[in-house]
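Novice: I'd like to go over a predicted model; first the sequence, then the structure.
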Amino acid sequence: MTMRLNTVVCVALALLLNLTVCCQASLNTRIIGGGDATEGFWPWHVSIYTSRSNIIVCGGSLINKDWVLTSAFCSNNINDVGSSNFIIYLGRLKQSGPNTHEVNRTLSRVITHPNYTSSTSDNDIALLQLSSSVDFTAHIKPVCLAAAGSEFDEGIQSWVTGWGVTYSEESPDILQETEIAIVSNYNCSIVYTNRISITDNMMCAGLTDGGKGSCSYDNGGPLVTKQSSRWIQAGIVSVGCDSSLPSVFTRVSKYQDWINTQIDNNQPGFITFSYYNNNTLDPISYIPDIYDIFSGSSPDLHLFPFYLTFTIISLIFCP
């Protein structure tokens, strides 16, 4: 009975620890706009480089201190070349450097979804385990992930980030950010007729007649949406670079079980996103921000006593 109670306590504490850390971009106050990102605005965005030529090949997102979420397209390329030939950069703003808040890691493990199909881009999701854990800072933080059952209705505004090629067909030096609206799978399927099949494992964003979106080397990067003060990753860059079509993303909420079965401990924070939650009309299923009960201007400092307390209790109860 005692062992079972300890297990329950450990699972609950792990969830609370992840939710107090993930989703928070304390340096990001931007609401609208596009173009060059500001340092620290997207602290979960990671870049994947080849160590041989120091060229960016993909993007990804930090989801806890040890793991990066990316696309299967990217992980297959990593496996083809050899994982020892890649470097993961975190806290990076400029490709040319120097980046004051940057750290890097190599890879210790690459996990591609077993049902990924390159010809259809279905199940385009993968996990990368870092060679060693990273310390969280204002410029390096994990993003929370959309939980199973999350709803992203057409028109909801989201952000995609990356170093992918621009309309001038050049890879920018500074991390790029673009705000795009969710497109329903129905409308996306219409414009993608005779190209690819838009499955329930996918989601789309951008204008149906083209415009802003993702492109080459953005693959694996995050599509995030804000709920209250938390950023939740809705999608993973999968198909794009056609200026006449919306971008296609892997729908993260479809893979909560798969992600949790691959990561043995310190599982990522999952939050249910819904249109009603985002407009504060349905508070029942919403997970509130812990720091909202305090006053002041420094939520990260307010969270620290909770985080420290949870950590100490975890050391006592959890092996």
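Specialist: Nice, thanks for sending it over. Quantities reported herein were computed from a predicted structural model and do not represent experimental measurements.
Novice: buried set for stretch 123-142?
Specialist: Neighbour-count burial for stretch 123-142, counted by 16 or more other C-beta atoms under 10 Å, picks out 123-130, 134, 136, 139-142. Glycine gets a C-beta too; all of them are placed from N, C-alpha and C.
Novice: and the gap between the residue lying closest to Ala72 once chain neighbours are set aside and Asn104?
Specialist: Spatial nearest neighbour of Ala72, excluding adjacent residues (C-beta to C-beta, 6 or more residues apart in numbering): Tyr116 at 3.8 Å. Look at Tyr116 and Asn104: by C-beta to C-beta, to the nearest Å, they are 26 Å apart.
Novice: what does Ile196 give?
Specialist: 34 Å.
Novice: sorry, back to before: next up, the contacts around the residue nearest to Ala72.
Specialist: Ala72, Asn76, Asp122, Asn123, Asp124, Ile125, Ala126 (C-beta atoms under 8 Å, 6 or more residues apart in numbering).
Novice: dump the residues you listed into JSON lines; add secondary structure and distance to Glu39 as well.
Specialist: Formatted as JSON lines, the contacts of Tyr116 follow (DSSP: H, G, I helix; E, B strand; the rest coil; distance: C-beta to C-beta, whole Å):
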{"residue": "Ala72", "secondary structure": "helix", "distance to Glu39": "30"}
{"residue": "Asn76", "secondary structure": "helix", "distance to Glu39": "31"}
{"residue": "Asp122", "secondary structure": "strand", "distance to Glu39": "36"}
{"residue": "Asn123", "secondary structure": "coil", "distance to Glu39": "34"}
{"residue": "Asp124", "secondary structure": "coil", "distance to Glu39": "29"}
{"residue": "Ile125", "secondary structure": "coil", "distance to Glu39": "28"}
{"residue": "Ala126", "secondary structure": "strand", "distance to Glu39": "27"}
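Novice: and those residues, which is closest to Gln267?
Specialist: Distance to Gln267 across those (C-beta to C-beta) is lowest for Ile125, with 15.7 Å.
Novice: wait, the closest one sits on Pro114?
Specialist: No. Between Ile125 and Pro114 there is no contact under C-beta atoms under 8 Å: 10.7 Å.
Novice: with only the CA atoms kept, save stretch 148-166 in CSV.
Specialist: The C-alpha trace of stretch 148-166 is given here as CSV (Å, rounded to 0.1, in the frame of the first residue of the first chain):
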residue,chain,number,x,y,z
ALA,A,148,-5.4,14.4,-26.4
GLY,A,149,-8.8,15.9,-27.1
SER,A,150,-7.5,19.4,-27.7
GLU,A,151,-9.5,21.4,-30.2
PHE,A,152,-8.0,23.9,-32.6
ASP,A,153,-10.9,25.5,-34.5
GLU,A,154,-10.5,27.3,-37.8
GLY,A,155,-9.3,30.9,-37.4
ILE,A,156,-7.4,30.4,-34.1
GLN,A,157,-4.1,32.4,-34.3
SER,A,158,-0.9,30.5,-33.9
TRP,A,159,2.8,31.1,-34.4
VAL,A,160,5.4,29.1,-36.3
THR,A,161,9.2,29.7,-35.9
GLY,A,162,12.2,28.6,-37.8
TRP,A,163,15.2,29.3,-39.9
GLY,A,164,13.6,28.0,-43.1
VAL,A,165,14.1,29.7,-46.5
THR,A,166,12.2,32.9,-47.1
